[in-house]
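Novice: Sequence plus the predicted model coming up.
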Amino acid sequence: MRAIVLICLLHGALPFGWNVDQKSQSEDPKPGSECTTDQGSCGCCFMWKEVDRLTTYFNTTLNMLEKEYNQTKHSLDKIEGSRSAFSVALSSTPNLKCFGPFTVDKLITFKEIFINLGNGYNPSTGVFTAPHSGVYSLALTVYSDAGAPGKTLAACADLLVNGELVAGPGEKNELDQEDSVTTVVALHLKAGDKVAANLPTGCFLCDDGISYNTFSAFLLYSTE
Ligand SMILES: *[C@@H]1O[C@H](CO)[C@@H](O)[C@H](O)[C@H]1NC(C)=O
Ligand SMILES: *[C@@H]1O[C@H](CO)[C@@H](O)[C@H](O)[C@H]1NC(C)=O
């Protein structure tokens, strides 16, 4: 009996994984059946088996949870690492100032930056370079003021992706003095794609610091 108790104690003192034949134990149809051969060791061996069974159970569960935690963390890191959003306005000058009309097409350089998360937008060129592949929401609002009723009004711009026209919101007439027009699109962009707003010939946009002209985009979700 003393020897059995000693073995039990030794087993408990040894690190996990010692001499544990998990496979054969899980196949044991009746835990504690050894009691029939050796009544004296019954309680102790049964406890061993229970401890080993629980150790395996917790180890497996822990491994599984660690794997799931790793996967979740990886996804979260990816989402956090790919954050991208910008929102800009034409200018912050308090007096009404107009951009255009020009005799050639010109990219609109929105100077007033509300947010430029990930620095994808370049205020000196007016170009947004998509930092990640994914689905983006793009919005362009333009406003113009003819100066007086009856004068030509041309609130218009082109939304370009890699130089190609995506949408061309415009409002041109001689009826109103002021007008505003907006376009919002969701597009799949590849990393490196260039988005810009172009001012076509004849169009002109005005602002007096109230941000009538805005250009915004944000990554809805990454597909990398
Ligand atoms: C726990 O699981 C890991 C991975 O399956 C294994 O390497 C390790 O030996 C196990 N430990 C115990 C105490 O069963
Ligand atoms: C979880 O990630 C850690 C650190 O990157 C790594 O050491 C561990 O092996 C991973 N575990 C699993 C179950 O993938």
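Specialist: Received it, and whenever you're ready, just let me know what you need. Ligands and ions are numbered 1, 2, ... in the order given.
Novice: Need the single longest helix in the protein, by residues.
Specialist: For the chain, the helix reaching the highest residue count under DSSP state H is reported as helix 42-81.
Novice: Could you check how far the spatially most central residue of the chain is from K190?
Specialist: Of all residues in the chain, the one closest to the mean position by CA atoms, centre = their mean is I79, 3.7 Å from it. I79 sits 19 Å away from K190, taking CB to CB, to the nearest Å as the criterion. No exception for glycine: its C-beta is placed from N, CA and C like everyone else's.
Novice: what stretches of the protein score poorly on pLDDT?
Specialist: By pLDDT under 70, the low-scoring segments of the chain are 1-41, 174.
Novice: change it to 50
Specialist: Across the chain, the ranges flagged by pLDDT under 50 are 1-26, 29.
Novice: can you list the domain ranges for it.
Specialist: For the chain, the domain assignment from automatic domain parsing gives the residue ranges 2-15+38-80, 82-222.
Novice: host element of the closest residue to V104 other than its chain neighbours?
Specialist: Counting by CB to CB, 6 or more residues apart in numbering, T201 is the residue found nearest to V104 once chain neighbours are left out, at 6.4 Å. With secondary structure defined by DSSP states H and E, T201 is part of neither a helix nor a strand.
Novice: Tell me the residues of the protein that contact ligand 2?
Specialist: Residues of the chain found near ligand 2, taking CB under 6 Å from any ligand atom as the criterion, are 63, 66-67, 70.
Novice: Specify which member of the residues you listed is nearest to ligand 1.
Specialist: Of all these, ligand 1 sits closest to N63, with 5.1 Å by CB to the nearest ligand atom.
Novice: Count residues in the vicinity of the closest one, would you?
Specialist: 10 (other CB atoms under 10 Å).
Novice: Please apply the same query to V184.
Specialist: 13.
Novice: Pick the most buried one from the domains of the chain.
Specialist: Ranked by mean neighbour count under mean count of other CB atoms under 10 Å, the domains of the chain are led by domain 82-222, which reaches a mean of 17.
Novice: How far does it sit from its chain's centre?
Specialist: Using CA atoms, centre = their mean, to the nearest Å, the distance from the centre of domain 82-222 to the centre of the chain it belongs to is 24 Å.
Novice: From start to finish, how long is that domain in a straight line?
Specialist: From its first residue to its last, domain 82-222 covers 7 Å (CA to CA, to the nearest Å).
Novice: Stretch 106-116 too?
Specialist: As for stretch 106-116, its first-to-last residue distance stands at 22 Å under the measure CA to CA.
Novice: same thing with stretch 96-107?
Specialist: 20 Å.
Novice: Other residues contacting it?
Specialist: Under the criterion CB atoms under 8 Å, 6 or more residues apart in numbering, residues 90-91, 108, 125-127, 144-145, 154, 196-208 lie in contact with stretch 96-107.
Novice: what do you get if the cut-off is 7 Å, keeping everything else the same?
Specialist: The contact list for stretch 96-107, computed with CB atoms under 7 Å, 6 or more residues apart in numbering, reads 90-91, 108, 125-127, 145, 154, 196, 198-208.
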